[in-house]
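J.: with the sequence up front, the predicted model follows.
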Amino acid sequence: MKHAVISLTLVLAVSACGDRLAFLRGGDAAPSTAVAPDAATPRPTERPATEAGASDGGAAPPAAVASGYLGTTVASLGDPSSPGLWLETSLVSVEMPGSVVTEDGRSTEVTLRPSGGAAGAGSRISLAALQALGLSLTSLPTLTVIAGG
């Protein structure tokens, strides 16, 4: 009895579809409900080729930020034997000039270096930059990082 009810239900469901299933019986293709596009319909356009992605289909590398706010980071002392004013941070992907600003407004120009770390992993700052900001060598300052000079 169960099989009869299921079979009857399937027959009714299929027959209710009528012309929509004509293509299953070898008839014409299923009716289309799509509207033919007109001249005002936006169409996809081909993307312009880029150096990195023109021939191999790869993605172009991200463009370096010319200048502006990059974010904030907590910094610890980096390699004290590495000279200069620098900040290694995950906020940049290429080395560039920039500056850092402490929470109380002191700032200094530094070279921003990519750290290769995950976003939010913190940063390392040079001994000379810590001294230029008047910070303790053991401090963990929160710094605002700005690209450009």
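T.: Alright, I've got the coordinates.

J.: just the buried positions in the strand ranked longest in the chain, please.
T.: The longest strand of the chain (DSSP state E) is strand 68-77. The neighbour-count check on strand 68-77 (16 or more other C-beta atoms under 10 Å) flags Leu70, Thr73, Ala75, Leu77 as buried. C-beta: built from backbone N, CA, C; applies to glycine.

J.: the third one and Gly122: what is the separation?
T.: According to C-beta to C-beta, to the nearest Å, Ala75 stands 7 Å off from Gly122.

J.: and the gap between the residue nearest to Ala118 when sequence neighbours are not counted and Gly120?
T.: Leaving aside its sequence neighbours, Ala118 sits nearest to Ser90 (C-beta to C-beta, 6 or more residues apart in numbering; 6.3 Å). Using C-beta to C-beta, Ser90 is found at 7 Å from Gly120.

J.: higher neighbour count, these two?
T.: Ser90 (17 against 10; other C-beta atoms under 10 Å).

J.: can you list the domain ranges for this protein.
T.: 1-33, 68-147 (automatic domain parsing).

J.: a markdown table for these, including mean pLDDT?
T.: Shown next, in a markdown table, are these (pLDDT from 0 to 100):
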| stretch | mean pLDDT |
| --- | --- |
| domain 1-33 | 51 |
| domain 68-147 | 94 |
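
J.: mind checking how far Thr73 is from Leu91?
T.: Going from Thr73 to Leu91 by C-beta to C-beta gives 6 Å.

J.: intersection of neighbour lists for those two?
T.: Residues touching both Thr73 and Leu91 (C-beta atoms under 8 Å, 6 or more residues apart in numbering): Ser123, Val145.

J.: pretty sure the residue nearest to Ala118 sits against Arg113.
T.: No - at 10.5 Å, Ser90 does not count as touching Arg113 under the criterion of C-beta atoms under 8 Å.

J.: among the domains of the chain, which is the most enclosed?
T.: With neighbours taken as mean count of other C-beta atoms under 10 Å, the domains of the chain reach their highest mean count in domain 68-147, at a mean of 16.
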